[in-house]
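[1] Everything below, folded, please.
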Amino acid sequence: MTIEIITFEKFEDIPTDEYVQLISNVDTPAFYDPRFLKAAEHFPLLPPLRIIYFMAYLNGQPSAFMPCYLQTAQQIDPFGLLANTASISFSEQGTGLFSHVMHCYDTKIIATNDKKEHTGKLLNAQHKIACEWEAEYFGFLNTCDTSLITAAQASGMQTRFMLDRFYLDIVKKNNFELLVEELPADGRREMKRQLRRFSESNAKIIIEAPPLTTLPELVTLCQRTTARHGTPHYFPEKPLFDFVTCCGDMVRTFTVRQDDQLIAGFICFLEEATLHMWCAGMTYDDVKFSPFTILVAEAYQYAFAHKITRVEMGRLNTKIKTRLGFSPLPLFSIIGNPKEEFKL
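    Model prediction:
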């Protein structure tokens, strides 16, 4: 068995037919869709210093893929999670080579077969580039890929819990009404109360596929929301608009309008039978119901209507998400120091 690793610094330089062949033969998260990868390269939300894509070929056929981004500390760790969970600190000009971008919460190595062998080859390739580019750290963020975690630990890399991502397997539920009845008691009461308040209001929900007429307003609301939580740079308005537009038909928007004013919305991605509620903007001014809860309810109903089997709800805000039926899935960081011994 011969595995060859070829690197590219532009996604467009990867032969399209080879990449499509690869992802059509393996479970591939939305964050590895060509449209998402192109958006992350051309309209980055946390602009990297350099990008490199690793493609593996087994006996001449595309067999694995891994994107990596050379970034500053602020780009790698905008929420300060690594400093708290992995005790790493960058020098003033320090950089790291990591996969995937922070706006991805399902990092993995995409491989068709013999994942252990491919993972070892790709880790070696990543380590080599990290040394060449003088990165202080290299590795992976937001991963629950057990085979990747195992291989990284065997190589001497550090693995640490980062935070949870949240999901609900709709396929295990019969219908929306039963889903609500099966929520935790406080969530069930909250959902029913907010649905009642919403029905008594003059607000309405709008779901859009491209062209997204509400997107200019929605990205503004998303930026204001993240700024209100102390991370104004995480969803910059113009790049977010261009990023989402670049993602094309994989995008859906769920918005709430009251008195013709946008008061809440989610930017979502469709990944076959999964709906990703990826980015949110909310205002609670002069609103008598919870727009967050109402949009979650709408997402559940949308999932049942469109035969979606899983709803993903991103990271953070544990209390409200578990109350509304979502379950936590632990995500880990994998971190190596290029100057230390690498065992693979």
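[2] And the helix or strand bottoming out on mean pLDDT in the chain, what's buried?
    Lowest by mean pLDDT, DSSP states H and E among the helices and strands of the chain is helix 81-85, with a mean of 87. By neighbour count on 16 or more other C-beta atoms under 10 Å, the buried set for helix 81-85 is 81, 82. For every residue, glycine as well, the C-beta is placed using N, CA and C.
[3] What lies in contact with that helix?
    76, 77, 88, 89, 141, 160, 161, 162, 163, 333, 335 (C-beta atoms under 8 Å, 6 or more residues apart in numbering).
[4] And those residues, which of them are buried?
    Neighbour-count burial (16+ other C-beta under 10 Å) applied to the contacts of helix 81-85 gives 76, 77, 88, 141, 162, 163, 333, 335.
[5] can I assume the first one is in contact with residue 141?
    Yes: in this structure residue 76 lies within contact range of residue 141 using C-beta atoms under 8 Å: 7.3 Å.
[6] quick one on the thing from earlier: for the contacts of helix 81-85, which one is nearest residue 308?
    The closest of the contacts of helix 81-85 to residue 308 turns out to be residue 163 (C-beta to C-beta; 24.4 Å).
[7] Beta-bridge partners for the residue lying closest to that closest one once chain neighbours are set aside, please?
    The spatially closest residue to residue 163, leaving aside those adjacent along the chain, is residue 315, at 5.4 Å (C-beta to C-beta, 6 or more residues apart in numbering). Partner residues in beta bridges with residue 315, using DSSP bridges, are residue 165.
[8] What about residue 315, how many residues nearby?
    By other C-beta atoms under 10 Å, the residues close to residue 315 number 19.
[9] How about residue 56: what's its closest non-neighbour residue?
    Setting aside the residues directly before and after it, residue 56 is nearest to residue 64 in space (C-beta to C-beta, 6+ apart), at 3.6 Å.
[10] Give me the three-state assignment for that neighbour.
    Three-state call for residue 64 (DSSP: H, G, I helix; E, B strand; the rest coil): strand.
[11] neighbours around it, how many?
    Burial of residue 64 is recorded as 25 neighbouring residues (other C-beta under 10 Å).
[12] Show the contacting residues for it.
    Residue 64 makes contact with 3, 22, 54-56, 58, 109-112, 115, 118, 121-122, according to C-beta under 8 Å, 6+ apart.
[13] Tell me the one of those residues nearest residue 214?
    For the contacts of residue 64, the closest approach to residue 214 (C-beta to C-beta) belongs to residue 110, at 32.6 Å.
[14] Can you name the residues that contact the closest one?
    Per C-beta under 8 Å, 6+ apart, neighbours of residue 110: 22, 23, 26, 28, 32, 64, 65, 66.
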